[in-house]
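**Student:** Next one to model:
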Amino acid sequence: METSAGLTFRDATDADVDTLVALVESAYRGDDSRAGWTTEADILDGQRTDPEGVLAVIKSPDGRLLTVERDGQVVACCQLEHRGTYAYFGMFAVSPTLQGGGLGKVIIAEAERIARETWGVTEMHMTVISVRDDLVAWYERRGYRRTGEMTPFPYGDERFGVPQRDDLQFELLVKPLV
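**Tutor:** Purely as a prediction, here's the structure:
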C-alpha cells in the first residue's frame, strides 16, 4: 500500500510538459496503457492530450498541475482548478506499471486536501466518460457520487481522441470536501 512517504508533490513547470504528455498518453492510450487498468484504448484511439493542452493547464491562473515524483521520477499527475465554491479535478494519470498498488488513492486524497486548504472549496468535481464503469466505481469508492449530469463527448475534435463507439459522453461526479 502506497503512503505519501517517498512521494514528492510539486507544481508542474514548462520543463515538465513533454514528460507529462508522455505519462498521460501512457496511462490512457495505446498498447502501453494496457499495462494498467485505466486504459481507454478500447474506446478511443489517437491522443489524450498534447503539449499545448498540458501547457495551458500549467499556465492557468486559477489552477495547477500537480506532478508527483518518486525517487526523482515523475510517476503521476493531476489537474486542480479553482472554480468558485468547488475545485475541478482532471488530467489524472498514474504510470501504468504502478497502477493497482494504492498510489492513486494517495494522490487523490492529497489533491483533495490541497484544494480544500488552498482555496477553501467544499466540493471536488470531475467528469468521467460514463461508459467507464470500472473507473466510475473506483471514484465512488473514494466518496464521489454520480450526478447523472452529462455533457457530450467532443466528437470530431481529435485533440481529445478518435472515438471507437458512438455512445461516449462525460458524467459529472461530485464529492463533498468536509
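**Student:** Hmm, Arg146 is touching Ala137, no?
**Tutor:** No: with contact defined as CB atoms under 8 Å, Arg146 does not reach Ala137; the gap is 10.0 Å. For glycine as for every other residue, the C-beta is placed from the backbone atoms N, C-alpha and C.
**Student:** okay, these two: which has more neighbours?
**Tutor:** Applying other CB atoms under 10 Å to Arg146 and Ala137 shows that Arg146 carries more neighbours, namely 14 against 9.
**Student:** Confirm that the more buried one sits in a helix.
**Tutor:** No: the assignment for Arg146, made by DSSP: H, G, I helix; E, B strand; the rest coil, is strand rather than a helix.
**Student:** mind checking pLDDT for it?
**Tutor:** pLDDT recorded at Arg146 is 97.
**Student:** and what of Pro163?
**Tutor:** Pro163 is given a pLDDT of 85.
**Student:** can you tell me how far Glu110 sits from Cys78?
**Tutor:** 9 Å (CB to CB, to the nearest Å).
**Student:** list residues touching both of those two?
**Tutor:** Shared contacts of Glu110 and Cys78 (CB atoms under 8 Å, 6 or more residues apart in numbering): Leu66.
**Student:** Comparing the two, which shows the higher neighbour count?
**Tutor:** Cys78 (24 against 16).
**Student:** How is that one assigned, secondary-structure-wise?
**Tutor:** Three-state assignment for Cys78 (three-state DSSP): strand.
**Student:** Ok, the one 4 residues further on next?
**Tutor:** On the three-state scheme (three-state DSSP), His82 is labelled strand.
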